[in-house]
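Novice: give the three-dimensional model of this entry:
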Amino acid sequence: MTCYEELVARGLIAQVTDEKEIRELIDSGKAVFYIGFDPTADSLHVGHFMALCLMKRLQMAGNRPIALIGGGTAYIGDPSGRTDMRTMMTPETIQHNSACFRRQMERFIDFGEGKAMMVNNADWLLPLNYVELLREVGGCFSVNRMLSAECYRQRMERGLSFLEFNYMIMQSYDFYHMFRTLGCNMQFGGDDQWSNMLGGTELIRRKLGKDAYAMTINLLLNSEGKKMGKTAKGAVWLDPEKTTPYEFYQYWRNVADSDVMKCLRMLTFLPLEEIARMEAWEGGSRINEAKEILAYELTKLVHGEEEAKTVQDASRALFASGESAEMPTVILEESDLADGAADIVGLLLRAGLVPSRSEGRRAVEQGGVTVDGKKVEDIRATYTAEQLHAGLVLRRGKKNYKKIVLKG
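Specialist: Purely as a prediction, here's the structure:
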C-alpha cells in the first residue's frame, strides 16, 4: 500500500486539487508541504493532532514538512468558523507561543538538518509595503469570489471587518512566498481552510504560471458531528501543565464506542490490518480493550512511553477487567484547606498513603508520588479547591491509589 493509499484508507483525505499529481508527489517523497499553525495559545491541542500525525506520516515516507507559525497572520486572526473577532496578540505573546509549539512538534517530526523546517510568516509579512502588496497581488483576487467563501460566511452575519477580510490574501501570500523561496509545492490543512488554500494555488498560477497543490484533511468529529477535543473543563491540550497526561489518557479512554475505530485509523500508527482485526471484536470488554489501546497509543505519541505506562496503570485501577471499579475515595471538607488550597504532603497524609508528613515529603522527593498520572516533583505543590472539586487521583508507588474529592 502506497503512502497516499494509506491516507485514503485511514479516512484522512477530504478534498484535493489534483489527485493524480498529489498522489505522485507524496508516493515519490517529493512533496515539500506546509501546514499552518496560528499561535493563539501557548500549547497545541487535540484539534491540531490530525495535522501533526499527517506531518509525521508524510515525513516517514520521505516528504519534507514545513511547520508555518502564523506570527504575522496572528496580528489579523483567521475568521474561519468564527462569529466574533479574535483578540489582538502582542509580539511577545506570539513569540512565546511559537516556542511552545516547536517543543511539542518535535515529538512528532524531525527538525534535523535538511529535514523538517519551521518558519514564521512574520518574517515576510510584517516588512511588506501596503501599496506594493496591492500592486503585486491585489489584481489576482476577486472580491465577489472572496465574499462567497465559506470561511467568511459566519462572520458576514455579524459584520466582517476589513482587517479579517485580508486573512485570505495573507494566507495565499504565504504559499506564494514559500513556493518561490523554499520550493514548497503543496499545502495541507483542515477542511474549513479550503477557500484560503485555493487562493494560494490560484495566486501562484496567476503570478508564476506554475502549478501548486492543496489537500484538506477531515476534521476530527465524533459520531454526533461535533468537533472532538473538548471537555467540561475546556480544550484537551498537549501541554501536560494544561491537560495532565492522566486527563489526556482518560479523554481517549472514554470516547464513545462508535468513535473508537475511527480514531484508531485516523490518529494512531497501528497497522490497518491490526485495526481491522479489532473491528471484528465483539462484546463490551473487547471495545474497552480497544479504547485502552487508543488511549495508550496517543498518550505515548504526545507524552512518551514511560508516561503512557504510568497513566495506563492509574486508569486500570478505575477500569479493572474492562468494568468500572470503585477507587477508594477520600472526601475533603473546606476546613481541610488552607487559603483555599491543599498541599501535596497533607493530601498524602489525609489519604492514608503515608504515616507522617516527613514520610510524605520523602515519598515526593524520591519521585514516588503522582497526581492524575503526573509525577509530583515539588514538596510544596498545592491544589486549589476547583481542582479538588473535580477530583484528583493520588498515587504513591505503583499500586496505592486514592481519589481525593472536595465536598460541595
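Novice: which helices and strands sit right next to the lengthiest helix in the chain?
Specialist: For the chain, the helix that runs over the most residues, judged by DSSP state H, is helix 284-303. Applying 3 or more C-beta pairs under 8 Å, 6 or more residues apart in numbering; DSSP states H and E, we find helix 284-303 packed against helix 245-253, helix 260-267, helix 272-279, helix 305-318. For glycine as for every other residue, the C-beta is placed from the backbone atoms N, C-alpha and C.
Novice: for Met215, which non-adjacent residue is spatially closest?
Specialist: Val16 (4.7 Å; C-beta to C-beta, 6 or more residues apart in numbering).
Novice: what's the burial count for the one you found?
Specialist: By other C-beta atoms under 10 Å, 17 other residues sit near Val16.
Novice: could you do Arg57 as well?
Specialist: Neighbour tally, Arg57, other C-beta under 10 Å: 18.
Novice: before we move on, what about Leu182?
Specialist: Leu182 has 14 nearby residues by other C-beta under 10 Å.
Novice: for it, give me the pLDDT.
Specialist: If you check Leu182, the pLDDT there is 96.
Novice: any idea how far Leu203 is from it?
Specialist: Per C-beta to C-beta, to the nearest Å, Leu182 is found 16 Å from Leu203.
Novice: kindly report the same for Met215.
Specialist: Counting by C-beta to C-beta, the gap from Met215 to Leu203 is 17 Å.
Novice: likewise Gly11?
Specialist: Counting by C-beta to C-beta - Gly11 and Leu203 are separated by 30 Å.
Novice: the two: which has the busier surroundings?
Specialist: Taking other C-beta under 10 Å, Gly11 and Leu203 do not tie; Leu203 has more neighbours (25 against 12).
Novice: and that one, what does it touch?
Specialist: Listed by C-beta atoms under 8 Å, 6 or more residues apart in numbering, the contact set of Leu203 reads Val137, Cys140, Phe141, Ser172, Tyr173, Phe175, Tyr176.
Novice: what's the helix or strand for it?
Specialist: According to DSSP states H and E, Leu203 maps onto helix 194-208.
Novice: mind putting the contacts of Leu203 in CSV, distance to Val369 and pLDDT included?
Specialist: What follows is these, written out as CSV (distance: C-beta to C-beta, whole Å; pLDDT from 0 to 100):
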residue, distance to Val369, pLDDT
Val137, 57, 84
Cys140, 60, 76
Phe141, 58, 80
Ser172, 52, 90
Tyr173, 51, 92
Phe175, 49, 95
Tyr176, 53, 95
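Novice: domain map for the chain?
Specialist: 3-217, 230-320, 329-406 (automatic domain parsing).
Novice: ok so, going back, what two of the contacts of Leu203 have the greatest distance between them?
Specialist: Between all members of the contacts of Leu203, the longest pairwise span (C-beta to C-beta) is found for Phe141 and Phe175 and amounts to 13.4 Å.
Novice: please identify which of those two sits among more neighbours.
Specialist: Taking other C-beta under 10 Å, Phe141 and Phe175 do not tie; Phe175 has more neighbours (26 against 16).
Novice: with adjacent residues omitted, what lies nearest to that one?
Specialist: Nearest to Phe175 is Gly200, by C-beta to C-beta, 6+ apart, at 3.1 Å.
Novice: pLDDT weak spots in the stretch 1-150 of the chain?
Specialist: For the stretch 1-150 of the chain, the stretches with pLDDT under 70 are 76-88, 144, 148-150.
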